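Student: sequence? don't have it. structure:
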């Protein structure tokens, strides 16, 4: 990689340690001296040390808005303006981690901007109607206002799609979306998974597991509904979020809600589960790969990132539609074939998504592009 480039890393928001933050963790591994920017930064000390190596992000005006720590998403209409106000003028290389607005940062012609895209803005495109319906604002004045905001975000999103010099997609699924929505090509580099921390366990217990943030597109409600119709099977549910209370209301007694779990506790559950069930149309699905690294078969949707990471009948069972009936049929198919799954093969398959592989591919890509852009 070309030496002495002054680098900046830009991310939407730092409020927890999830999939996109694990990508930024690798970026700060590679560019130790880079300055980091975000709309807001509310990490605790442990998260800050892991993701940002103890640094604080340079934040936008949204950081100072009332209740921004827990309600930053409520300021969505302000995000485009806030991200454009970040001053990146003194940097040679800008690496953005984008699932909302960071690809829209403003740069100069002599700056190289490479954007790692987790997804085009979900609430502006494919998942817009899902978010509106789950928020009960599909119609009436609130629905009209919400659709006006979505229209504005779509226009801004399209207008800023050409700003990065290069796009990296986190899956073939997202690469196809970038082409369809932005008409831009991208290279695929799968995100980092700490597979070395998830050792294979071959002794499984008699329960299924699902783990996710409780937000609409994750479709945990469908998994819970399916198991509520299969009362002779146990399901453990890990995760918190705005949909949790609603999901619990429809759950039967064979379903146990465990709330948020620390990494080690979640890993133990993944290792013990007879299978991991996942119904989201996910961009990639780091949790799914972590489960496979534990040697645990995955029952997942045959769309999105899970269609690329789960091998049907080898590392799990793929089902075709986001319906309770599809999930129930997949559970039945899994139980017919359960004895055929080799836990070691499943764990070995997950190793190709390791963090070291991700970081090498990122370094190689940025090195090639920066040498061409800046010259030798």
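Tutor: Alright, I've got the coordinates. Just so it is clear, the model here is predicted, and its values are computed rather than measured.
Student: over to residue 351. Which of the three states is it?
Tutor: Here residue 351 takes the helix state, with states given by DSSP: H, G, I helix; E, B strand; the rest coil.
Student: which residues touch the nearest residue to it once chain neighbours are set aside?
Tutor: Leaving aside its sequence neighbours, residue 351 sits nearest to residue 195 (Cβ to Cβ, 6 or more residues apart in numbering; 5.5 Å). No exception for glycine: its C-beta is placed from N, CA and C like everyone else's. Contact analysis of residue 195 by Cβ atoms under 8 Å, 6 or more residues apart in numbering lists 289, 290, 293, 350, 351, 353, 354, 355.
Student: and of the residues you listed, the nearest to residue 178?
Tutor: Among these, residue 353 lies closest to residue 178 (Cβ to Cβ), at 20.3 Å.
Student: and the closest residue to that closest one other than its chain neighbours, what does it touch?
Tutor: In space, and not counting its chain neighbours, residue 353 is closest to residue 193: 4.5 Å by Cβ to Cβ, 6+ apart. Taking Cβ under 8 Å, 6+ apart, we find residue 193 in contact with 22, 286, 289, 290, 293, 350, 353, 354, 355.
Student: nearest to residue 163 among the contacts of residue 195?
Tutor: Nearest to residue 163 among those: residue 355, at 28.0 Å, using Cβ to Cβ.
Student: pLDDT below threshold where in this protein?
Tutor: By pLDDT under 70, the low-scoring segments of the chain are 1-3, 127-139, 144, 376.
Student: show me the domain layout of it.
Tutor: Domain assignment for the chain by automatic domain parsing gives 7-118+160-192+354-374, 195-352.
Student: mind putting those domains in TSV, distance to residue 153 included?
Tutor: Output for the domains of the chain, formatted as TSV (distance: least, Cβ to Cβ, whole Å):
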stretch	distance to residue 153
domain 7-118+160-192+354-374	7
domain 195-352	16
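Student: let me know which of those domains is the nearest to residue 142.
Tutor: Per Cβ to Cβ, nearest to residue 142 of the domains of the chain: domain 7-118+160-192+354-374, 13.4 Å.
Student: so which bits of the helix or strand hosting residue 346 are buried?
Tutor: Here residue 346, judged by DSSP states H and E, is contained in helix 343-350. For helix 343-350, the neighbour count (16 or more other Cβ atoms under 10 Å) marks 343, 346, 347, 348, 349, 350 as buried.
Student: so which of those is the closest to residue 65?
Tutor: residue 350 (40.1 Å).
Student: residue 190 versus the closest one, what's the distance?
Tutor: As judged by Cβ to Cβ, to the nearest Å, residue 350 and residue 190 stand 11 Å apart.
Student: before we move on, what about residue 120?
Tutor: For residue 120, the distance to residue 190 (Cβ to Cβ) stands at 18 Å.
Student: on that earlier part again, for PyMOL, what selects the buried ones among the contacts of residue 195?
Tutor: Buried residues among the contacts of residue 195 (16+ other Cβ under 10 Å), as a PyMOL selection:
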select buried, resi 289+290+293+350+353+354+355
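Student: now the contacts of residue 195 in CSV, with distance to residue 154?
Tutor: Converted to CSV, the contacts of residue 195 look like this (distance: Cβ to Cβ, whole Å):
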residue, distance to residue 154
289, 31
290, 33
293, 37
350, 36
351, 39
353, 32
354, 36
355, 34
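Student: which one of the contacts of residue 195 is nearest to residue 230?
Tutor: The nearest member of those to residue 230, counting by Cβ to Cβ, is residue 290 at 24.8 Å.
Student: after the helix or strand hosting the closest one, next one along is what?
Tutor: Using DSSP H and E, residue 290 sits in helix 286-293. Of the helices and strands lying after helix 286-293 in sequence (DSSP H and E), the nearest is strand 298-301.
Student: what strands line up against that next one, and which way round?
Tutor: Strand 298-301 has its sheet partners listed here by DSSP bridges as strand 275-278 (parallel), strand 316-319 (parallel).
Student: tell me which of those sits most buried.
Tutor: strand 275-278 (a mean of 26; mean count of other Cβ atoms under 10 Å).
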